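Participant: what's the 3D shape of this:
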Amino acid sequence: MPLAFLDNENSPVQQDRVRKSSKGGESEFVGLTVHRRYKLDRPIGRGTFGEVYSCVDMITGHTYAAKVDTCPSDRKASVVGTELGVFNALRNKCKVTPYLVASGSTSKLNYIVMQRLGPSLSILRSETPANRFTLATALRLGIQMVGCISRLHKVGYVHCDVKPSNFVIGRRRRNVIRILDFGVARRYLTSHGKPVPPRETAGFRGTARYASPNTHCRCELSPRDDYWGVLFSMAEMVMGRLPWDNMKNRQEVWEMKSRWIDGLCPMDSLPECFGLMAAHLVGLTYYDPIDPVHVVSLLTHELQIRGLPQDGPFDWEIPVDNASEYYTPGDSPSPAYGSRASHSTASPRSSRAGFGSLTRLHSWASRSLTFLSDVML
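Facilitator: Next up is the predicted model:
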């Protein structure tokens, strides 16, 4: 559960999650004041090994989100301490995360107080009639997700748990997403900008549903692995569920993913750009840099050949009664989306011939990332 949300706390999905997070005496810090001014009001969810509370600034009356953990004796082992390191690395460089308000520790806990944002992408998707996003929304969200993780990689960190519930929209700017929950993030670059030598065997990090092949194989994680999380997240947004959703055993999940990557597990409903992105990621090693412009070019290309909008409202910004005005033949919002018949009648391969040079494609993708940078700043 993300640590900075939520506008729609009254939704059935969120109410259920809050009930689960408050079981077993986990709301013991309600009423506690941290940093001499922020009063923990009520639990609103869980992050990676940490509890998330709504808190009130007793001086201004403003509401924030506070994430706490109970590891004050060992700051290096603290999840909040790990997150604080990421926030400090990104500070004043870009706005792809909630802004940091305060941090510190007491005799009982470590805490971070930060901006409170809107709902996560997983909650937004769960509230759609078909439990899925349209292709245009999923691809455009993928582009923004790439923008977020590429900024994180530039300051030397790998997120290690990229998934829809770790991306949230703004409370006012509902068309811009932020990344959060860095509890299992890993330092990838040294202070000299060189990759940290990989361990021979690494522990499992992240969420099995969205984890990269390298995570399942207990390999050290690098930026390529966050892109696998983007790929699986987009697939879920489009299809409504992943083929391995109901599998509890990590080995079974990995075997199903392997079959899909090898082309043996049918995912016919996904556009060609998904397969191209997977093929690109499979060929990368731990030390290989990954070009976000190339990944974005695959997604923007798919938008263009299907005649899908590259701007305009996202699915959650469109009233249900007016949704048909925004959909195109290549972007069916119906429950049947995922069948070949619901896709555009134009062939992606035949349309590609008229797109232009690869240089033009990369230039377009580069402008998309530049635009995202301007928006997030």
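
Participant: Which residues are in contact with Met237?
Facilitator: Met237 makes contact with Leu121, Arg125, Arg132, Phe133, Thr137, Ala138, Leu141, Pro164, according to Cβ atoms under 8 Å, 6 or more residues apart in numbering. Bear in mind the C-beta positions are built from the backbone N, C-alpha and C, glycine included.

Participant: try 7 Å this time
Facilitator: When contacts are counted by Cβ atoms under 7 Å, 6 or more residues apart in numbering, Met237 touches Arg125, Arg132, Phe133, Ala138, Leu141, Pro164.

Participant: can those go into TSV with extra columns for distance to Arg36?
Facilitator: As requested, the contacts of Met237 are exported to TSV (distance: Cβ to Cβ, whole Å):
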residue	distance to Arg36
Arg125	39
Arg132	46
Phe133	43
Ala138	44
Leu141	39
Pro164	36
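
Participant: Hmm, Ala65 is touching Ile112, no?
Facilitator: No. The criterion here is Cβ atoms under 7 Å, and Ala65 misses it with Ile112 at 8.8 Å.

Participant: Please say which of the two ends up with more neighbours.
Facilitator: Between Ala65 and Ile112, counted using other Cβ atoms under 10 Å, the more crowded position is Ile112 (29 against 25).

Participant: And the contacts of the particular helix or strand that has that one in it?
Facilitator: Under the criterion of DSSP states H and E, Ile112 resides in strand 110-114. Residues outside strand 110-114 that contact it (Cβ under 7 Å, 6+ apart): 4, 34-35, 38, 55, 64-69, 71-72, 78, 80-81, 83-84, 98-105.

Participant: Tell me the gap between it and the middle of its chain.
Facilitator: 21 Å (Cα atoms, centre = their mean, to the nearest Å).

Participant: And the longest strand seen in the chain, what does it pack against?
Facilitator: For the chain, the longest strand by residue count, based on DSSP state E, is strand 38-46. Applying 3 or more Cβ pairs under 7 Å, 6 or more residues apart in numbering; DSSP states H and E, one finds that strand 38-46 contacts helix 12-21, strand 51-57, strand 63-69.

Participant: Now tell me which of those the model trusts least on average.
Facilitator: Least confident of those, judged by mean pLDDT, is helix 12-21 with a mean of 44.

Participant: now for the next helix or strand after it, which elements pack on it?
Facilitator: Next along the chain after helix 12-21, taking DSSP H and E as the criterion, comes strand 33-34. Judged by 3+ Cβ pairs under 7 Å, 6+ apart, strand 33-34 has no packing partners among the helices and strands.

Participant: who does strand 33-34 pair up with?
Facilitator: strand 38-46 (antiparallel) (DSSP bridges).

Participant: quick one: buried residues of the partner strand?
Facilitator: Residues Tyr38, Lys39, Leu40, Pro43, Ile44, Gly45, Arg46 are the ones in strand 38-46 that count as buried (16 or more other Cβ atoms under 10 Å).

Participant: With stretch 86-101 instead?
Facilitator: Val86, Phe87, Ala89, Leu90, Cys94, Lys95, Val96, Thr97, Pro98, Leu100, Val101.

Participant: Let's have these in JSON lines, adding distance to Leu299 and secondary structure.
Facilitator: Shown next, in JSON lines, are these (distance: Cβ to Cβ, whole Å; DSSP: H, G, I helix; E, B strand; the rest coil):
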{"residue": "Val86", "distance to Leu299": "25", "secondary structure": "helix"}
{"residue": "Phe87", "distance to Leu299": "28", "secondary structure": "helix"}
{"residue": "Ala89", "distance to Leu299": "27", "secondary structure": "helix"}
{"residue": "Leu90", "distance to Leu299": "24", "secondary structure": "helix"}
{"residue": "Cys94", "distance to Leu299": "20", "secondary structure": "coil"}
{"residue": "Lys95", "distance to Leu299": "22", "secondary structure": "coil"}
{"residue": "Val96", "distance to Leu299": "18", "secondary structure": "coil"}
{"residue": "Thr97", "distance to Leu299": "22", "secondary structure": "coil"}
{"residue": "Pro98", "distance to Leu299": "25", "secondary structure": "coil"}
{"residue": "Leu100", "distance to Leu299": "30", "secondary structure": "strand"}
{"residue": "Val101", "distance to Leu299": "34", "secondary structure": "strand"}
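
Participant: ok, so of those residues, who is nearest Ser297?
Facilitator: Val96 (20.2 Å; Cβ to Cβ).

Participant: ok, and the closest non-adjacent residue to that closest one?
Facilitator: Among residues not flanking Val96 along the chain, Cys148 sits closest, at 4.4 Å (Cβ to Cβ, 6 or more residues apart in numbering).

Participant: I appreciate the help and will end here.
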